[in-house]
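Okay, predicted coordinates and the sequence, questions at the end:
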Amino acid sequence: MTDSSIKNIVIVGGGTAGWMAAAAFAKVLGGRYAIQLIESDEIGIVGVGEATVPHLKLFNNLLGIDEAEFVRRTQGSFKLGIQFDDWGRIGSRYFHSFGAIGHDLGLLPFHQYWLKARRQGKAAADIGAYSLNAVAAAQGKFMVSASDVAPTSPLANIAYAYHFDAGLYARFLREYAERLGVRRLEGRIVDVALHPDSGFVEAVTLASGVRVAGDLFVDCSGFRGLLIEQALRTGYDDFSRWLPCDRAVAVACEKVGPPTPYTHSIARGAGWQWRIPLQHRTGNGYVYSSAHISDDEAAATLLSNLDGRPLGEPRLLRFTAGMRRKFWNRNVVALGLASGFMEPLESTSIYLVQSGIAKFLNLFPWGDFDPVLTERYNEQSIFEYERIRDFLILHYHATERSDTPFWDACRRMSIPPQLAQTIRLFRDSGRFFRQGEEMFALVSWVQVMLGQGIVPESYHPLVDQVAQSDMEGYLASVGKVIANCVQAMPSHAAFIERCCAAVPVPA
Ligand SMILES: Cc1cc2nc3c(=O)[nH]c(=O)nc-3n(C[C@H](O)[C@H](O)[C@H](O)COP(=O)(O)OP(=O)(O)OC[C@H]3O[C@@H](n4cnc5c(N)ncnc54)[C@H](O)[C@@H]3O)c2cc1C
């Protein structure tokens, strides 16, 4: 199978990853290939990926999905960022917002001017006061970018993501993909046949005895990695020495009050809790280290920290943070949980599925499986994973918390050298350099570093080129423009009600 062209694509798994791949392949590859997707109702899906990053908008745009319909059909809400409570120390709070912070001036980013003013005691406001998203989130406001304002207005370019019901999103994408000709097969795969010489996957066999042959296989089978690991033995790089959480307990609860336009992340004694507001319910989960708390204690902690009445029993999920040694091995490309997993602290998993699809379509093997394509794909995927990994480690490591053995261990752990260098540079002079096309940009790193309590000892010397009075006026005017813009925004609940209210679900 190394020199023949691809005709049949088989996607194994119908969770978020499988249906995202099916929808995108059907849209982009058109009628050139037969696309089949196999899923097993008996096994089911993970179904807990409910918070996203702004990139998903691009994915939906590629598919030509109408935003209002998508939000309605998935009981969705909008997300301006993440509010972190008790992370740097108990009682601390910061907001990691999407979009710009202030307004860059000359060669330097906004936060450099803010750092100088802060040192002088002249910028009383927290850095969040210069972010439209953070100010709007604190007031429960939301709107999409306005077309009837000046292009330079912060309202002309609002960065946001979505919260949605993962099961409904998979169903929505399934309808889309099936409309475009993807054939769905229901059944449990019990056998994987490899070519005796090349080791390529030739076919999978269902419990019913049906054999499904393919030229290219997309492994979206979840944590088990049915093809990439169980059949091809690709290997796994374990990140748990830096990302110690290995379990989550999740439960939805009744919503109380209007949905917040942000994800809420609250640090707990052995991990952290998420709260994700949807139109029909609130998703909750406690991500924790099983070395520091028992499953029963974690479930009890979660249940005693819900906004509303739980809707069902808490569900336990086990995982090991890490990634496959190869994301594309022979004629198998792994996406979603089959390719690796990093906990949902910054809602990166669905983004990684999207990014994997985009990279793969770019490097698509039109003719044969050229090893150069595979190598490039794997290099890019490993780079992307490792940079996100470091960003997540930052949240755990840069903390003053010493109240539990878990936080003590996080604070004291040795971290990857590149992250150590990033922190040192920022602590010295507030500087940060984005590497290549890593996912998180300067504003994200800066907000999280400041929020976690890393205070730069100085600022960039070029800041002094701007006259003191000009700098103070500049900061004040940026703050004022943002406050005025937010005043003009509707509440998140009012925006949803007007534009994309879902059909209410009976209690
Ligand atoms: C606790 C937790 C919280 C998360 N929160 C977020 C979040 O907020 N944001 C985010 O972006 N991501 C989040 N994620 C990740 C997100 O849930 C996943 O990335 C996403 O759901 C994709 O899952 P998947 O499709 O890869 O796997 P799954 O949902 O597990 O789907 C696997 C599919 O493979 C099929 N399958 C498996 N074995 C067989 C077989 N033998 N035969 C036939 N079919 C088979 C199953 O039937 C299923 O259809 C979270 C994950 C966890 C664990």
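Cool, the structure landed. Numbering: from 1, shown residues only.

what's the closest non-adjacent residue to residue 419?
With sequence-adjacent residues excluded and distances taken as Cβ to Cβ, 6 or more residues apart in numbering, residue 419 is closest to residue 390, at 4.2 Å. To be clear about C-beta, it is placed using only N, CA and C from the backbone, and glycine gets the same treatment.

contacting residues for the one you found?
415-416, 418-419, 422 (Cβ atoms under 8 Å, 6 or more residues apart in numbering).

Make a ChimeraX selection of whichever of these turn out to be buried.
Selection of the buried residues among the contacts of residue 390 in ChimeraX, burial being defined by 16 or more other Cβ atoms under 10 Å:
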select :415,419,422
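
Return the residues of the stretch 1-150 of the chain in contact with the ligand.
Within reach of the ligand by Cβ under 6 Å from any ligand atom, the stretch 1-150 of the chain has these residues: 13-18, 38-40, 43-46, 48-52.

Actually, the chain.
That would be 13-18, 38-40, 43-46, 48-52, 166, 188-189, 220-222, 224, 226, 248, 250, 285, 317, 319, 336-338, 344, 347, 349-350, which are the residues of the chain within reach of the ligand (Cβ under 6 Å from any ligand atom).

now residue 249: how far from residue 297?
Distance of residue 249 to residue 297, computed by Cβ to Cβ, to the nearest Å: 10 Å.

cool, and residue 273?
Taking Cβ to Cβ as the measure, residue 273 falls 13 Å from residue 297.

wait, residue 86 sits on residue 265?
No. Counting by Cβ atoms under 8 Å, residue 265 is not a contact partner of residue 86; they are 9.3 Å apart.

Neighbour count: the two, which is higher?
Neighbours were counted for residue 86 and for residue 265 using other Cβ atoms under 10 Å; residue 265 has more, 24 against 20.

show me the contacts for that one.
Applying Cβ under 8 Å, 6+ apart, one finds that residue 265 lies in contact with 82-85, 87, 272-275, 345.

Whichever of those end up buried, select them in PyMOL.
Once 16+ other Cβ under 10 Å is used to decide burial, the buried members of these can be selected in PyMOL as follows:
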select buried, resi 82+83+84+85+87+272+273+274+275+345
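
rewinding a little: sort out which of the contacts of residue 390 are in helices and list them.
Here DSSP state H is the test, and those give 418-419, 422 as lying in helices.

and which of these is nearest residue 310?
Ranked by distance to residue 310 (Cβ to Cβ), these are led by residue 419 at 37.0 Å.

Now do the same for the closest one: its pLDDT.
Turning to residue 419, the model gives it a pLDDT of 98.

Secondary structure element for residue 396, which one?
Following DSSP states H and E, one finds residue 396 within helix 371-397.

List the buried residues for that helix?
Along helix 371-397, the positions that meet the burial threshold by neighbour count (16+ other Cβ under 10 Å) are 373-374, 377-378, 380-382, 384-397.

Equivalent analysis for stretch 60-76, please.
Those would be 60, 62-63, 65, 67, 70-76, for stretch 60-76 by 16+ other Cβ under 10 Å.

Which pair of those spans the longest distance?
Taking Cβ to Cβ, the two most distant members of these are 62 and 75; they sit 22.7 Å apart.

how near is residue 79 to residue 142?
When Cβ to Cβ is applied, the distance between residue 79 and residue 142 equals 9 Å.

shared neighbours, these two?
160, 261.

Comparing those two, which residue is more hemmed in?
Counted by other Cβ under 10 Å, residue 79 and residue 142 do not tie: residue 79 has more neighbours, with 31 against 26.

The more buried one against residue 50, yeah?
No. Residue 79 sits out of contact with residue 50 when judged by Cβ under 8 Å, with a separation of 10.0 Å.

and which of the contacts of residue 265 is nearest the ligand?
Comparing the contacts of residue 265 against the ligand with Cβ to the nearest ligand atom picks out residue 274 as the nearest, at 6.8 Å.

next one: phi and psi at the closest one?
Dihedral pair for residue 274: phi -100, psi 150, per degrees, to the nearest 10.

cool, and residue 180?
Per-residue torsions, residue 180: phi -90, psi 10 (degrees, to the nearest 10).

What is the burial count for it?
The burial count for residue 180: 16, using other Cβ under 10 Å.

Which helix or strand contains the spatially closest residue to it that is not a sequence neighbour?
Spatial nearest neighbour of residue 180, excluding adjacent residues (Cβ to Cβ, 6+ apart): residue 26 at 3.7 Å. Assigned by DSSP H and E, residue 26 belongs to helix 16-29.
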